[in-house]
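Undergrad: Pasting the sequence and the predicted model now:
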Amino acid sequence: MTTTKTSDVAATVAQINDLAAIGCDIIRVAVPDMASANSIEKIKEKITIPLVADIHFDHKLALRAIEAGADKIRINPGNIDPNASTGSSEKIKAIAAACNSKKIPIRIGVNSGSLEKNILAKHGGVTAEAMVESTINHIAILNKYDFDNIWLSAKTSNVRLTVDTYRLLHEKTNYPLHIGITEAGTEYNGIIKSSIGIGALLLDGIGDTIRVSLTAEPSKEIEAAKAILKALKLRPGIDIISCPTCGRCNINLMKITREVEERLLLLPQTNLTIAVMGCPVNGPGEAKQADFGISGGNGEGIIFAKGKIIKKAPMENLVDELINQIKRTTK
Ligand code: SF4
């Protein structure tokens with residue numbers, strides 16, 4: 001999600017294109033006012049990835065965002081019109097008709113802070129069952145107006161609760177699911193929480209789009225999301241394995257691994273496993289599943305492939321030699 005003011009077209013376009021360049025596939029922008037909704041038209045002209053408009057409360061913002069070219073809108077029908085579940089709602093009817101005519105989906109985005117009082121009372125607070133009941137109520141509102149092009153999200157900041165909620169949603173509904181841990185926190189803790197939550201769900205086969213939500217630069221969210229998908233082999237990428245080092249290590253492995261990681265990011269992201277190991281005696285054997293690897297010793301290192309030594313090189317050239325070897329393989 002962008003962090004710029006959506007009404008600031010230049011800043012928003014620049015941020016979206018920077019994020020797309022590092023692997024963001026879909027972008028969501030906040031639409032808190034009409035200036036933001038209007039700016040979607042100009043933003044869309046200058047970006048290449050789909051744009052989701054995030055709207056709370058005001059149906060006019062939703063209508064304008066749809067007209068301006070949003071590829072999906074995220075709303076909670078119940079907070080656009082609190083009477084929508086009990087009576088008829090012209091506001092929801094208008095949004096559903098506009099989305100149907102543009103053939104764009106609506107993502108119902110329930111979160112733990114948006115649960116209705118009666119549902120909270122019935123379930124004794126925020127539970128997976130409460131989250132799912134609220135989501136199903138929102139679905140019913142859209143279905144009432146012949147709208148079924150629906151995506152769902154039901155995030156909380158509690159990892160276990162979020163995973164339980166999505167598992168239940170997956171069991172009870174057939175709509176695509178946007179998954180993530182909301183308000184996951186700062187970079188370090190947020191990535192851990194997101195990796196556990198998103199990872200657990202993806203391993204269950206649950207989740208169609210993901211978002212890592214961090215109190216950090218948006219680029220960190222994309223890097224973390226890509227790393228999660230790469231770790232699960234759901235997105236191609238060069239996987240680095242490196243040893244934790246021990247008393248046999250005589251080189252600065254942390255520095256070497258960081259350099260390898262940075263340089264590999266610049267190569268085409270194919271499915272390769274690259275090992276960076278701390279000693280030449282045990283390294284190749286411990287990393288024999290790696291396609292290529294290096295181990296360093298006193299002044300000299302080795303390059304190996306599938307556990308077999310293919311070359312020796314002075315330590316100062318070892319990373320260059322590894323990168324050249326990988327380039328020859330990936331070109
Ligand atoms: Fe220790 Fe060598 Fe194994 Fe690294 S590869 S953990 S340095 S024995």
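TA: On my side now, so go ahead. Numbers count the residues shown, from 1 in each chain.

Undergrad: Retrieve the pLDDT associated with the residue nearest to the spatial centre of the chain.
TA: Geometric centre of the chain, nearest residue: R211, 3.1 Å, by Cα atoms, centre = their mean. Here the pLDDT value assigned to R211 is 97.

Undergrad: where does the closest residue to it other than its chain neighbours fall, phi/psi-wise?
TA: Of all residues not flanking R211 in the chain, G180 sits nearest, at 4.1 Å (Cβ to Cβ, 6 or more residues apart in numbering). All C-beta spots, glycine's among them, are computed from the backbone N, C-alpha and C. G180 adopts backbone torsions of phi 170, psi 170, taken as degrees, to the nearest 10.

Undergrad: What residues does G180 make contact with?
TA: 153, 155, 162, 194, 197-198, 210-213 (Cβ atoms under 8 Å, 6 or more residues apart in numbering).

Undergrad: For the stretch 151-300 of the chain, which segments count as helices?
TA: Using DSSP state H, counting those that start in this stretch, the helices of the stretch 151-300 of the chain run over 159-172, 187-203, 218-231, 253-264, 283-286.

Undergrad: Now mean pLDDT, distance to the ligand and mean neighbour count too, for those helices, in TSV please.
TA: Output for the helices of the stretch 151-300 of the chain, formatted as TSV (pLDDT from 0 to 100; distance: least, Cβ to the nearest ligand atom, whole Å; neighbours: other Cβ atoms under 10 Å):
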stretch	mean pLDDT	distance to the ligand	mean neighbour count
helix 159-172	98	31	19
helix 187-203	97	24	19
helix 218-231	95	21	19
helix 253-264	95	7	16
helix 283-286	86	4	20
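
Undergrad: Might you report the residue contacts of the closest residue in space to I150 that isn't next to it in sequence?
TA: Nearest non-adjacent residue to I150, counting by Cβ to Cβ, 6+ apart: Y175, 4.9 Å away. Contacts here follow Cβ under 8 Å, 6+ apart; on that basis Y175 touches 139, 150-152.

Undergrad: Widest-spaced pair of those residues?
TA: Spatial extent of those (Cβ to Cβ) is set by the pair I139 and W151 at 10.6 Å.

Undergrad: shared neighbours of the two, anything?
TA: Joint contacts of I139 and W151 (Cβ under 8 Å, 6+ apart) are 108, 175.

Undergrad: chain center to the helix or strand bottoming out on mean pLDDT in the chain, what's the gap?
TA: Taking mean pLDDT, DSSP states H and E as the measure, the chain has helix 77-80 as its least confident helix or strand, at a mean of 82. When C-alpha coordinates are averaged (Cα atoms, centre = their mean, to the nearest Å), helix 77-80 and its chain have centres 25 Å apart.

Undergrad: how about whatever helix or strand comes next after it: buried residues?
TA: Going down the chain from helix 77-80, the next helix or strand is helix 90-102, by DSSP states H and E. Going by neighbour count (16 or more other Cβ atoms under 10 Å), the buried part of helix 90-102 is 91-96, 98-99.

Undergrad: now the end-to-end length of stretch 207-224.
TA: 16 Å (Cα to Cα, to the nearest Å).

Undergrad: Stretch 277-287 too?
TA: Start-to-end, stretch 277-287 (Cα to Cα) is 8 Å.

Undergrad: Number of residues surrounding V13?
TA: Neighbour count for V13, taken as other Cβ atoms under 10 Å: 19.

Undergrad: about what we covered before: can you narrow the contacts of Y175 down to the ones near the ligand?
TA: Subset of those in contact with the ligand: empty, counting by Cβ under 6 Å from any ligand atom.
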